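**Student:** Fold the stuff below for me.
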Amino acid sequence: MINEGVNDERDWNVFEKSFNETHENFFKKLKSQYPELVPNDLILCAYLRMNMSSKEIASLLNISLRGVEIRRYRLRKKLNLEHDKNLAEFFMQL
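**Tutor:** A predicted model of the protein is given here:
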């Protein structure tokens with residue numbers, strides 16, 4: 001299990017670096033504006049930035065559709081966004 005955790009961390013670092021190169025330092029901007037975001041929040045933000053549906057995100061994260069909805073709700077609270085504000089659009093503008 002420990003080795004899997006190390007591999008996951010390396011995978012995350014590679015993903016973060018590649019995503020930042022493609023999306024103009026997206027994570028750096030996000031972390032500077034919202035330092036309380038945890039890695040799981042950042043992954044969700046990246047998927048939303050790629051305009052993925054909740055169903056696609058659930059499949060990638062191996063969680064239920066309801067689990068994605070809960071994460072989106074918690075992310076809105078951390079970002080202080082209104083319920084009617086589209087998260088994908090918010091991240092596209094960042």
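**Student:** Every contact and neighbour count from this point should use C-alpha atoms.
**Tutor:** Noted.
**Student:** can you list the weak-confidence ranges in the protein?
**Tutor:** Applying pLDDT under 70 to the chain flags the ranges 1-16, 19-21, 23.
**Student:** mind listing the helices for the chain?
**Tutor:** Here the chain has its helices, by DSSP state H, at 2-22, 26-33, 39-49, 54-61, 65-79, 87-93.
**Student:** tell me the most buried of those?
**Tutor:** Stretch with highest mean neighbour count among the helices of the chain: helix 39-49 (a mean of 17; mean count of other Cα atoms under 10 Å).
**Student:** could you give the angle of it to helix 26-33?
**Tutor:** On the basis of axes from the mean of the first three to the mean of the last three Cα atoms, to 10 degrees, helix 39-49 is oriented at 120 degrees to helix 26-33.
**Student:** Pull the distance from helix 39-49 to the chain's centre.
**Tutor:** 0 Å (Cα atoms, centre = their mean, to the nearest Å).
**Student:** Tell me the helices and strands packed up against that helix.
**Tutor:** Packing partners of helix 39-49 (3 or more Cα pairs under 8 Å, 6 or more residues apart in numbering; DSSP states H and E): helix 65-79, helix 87-93.
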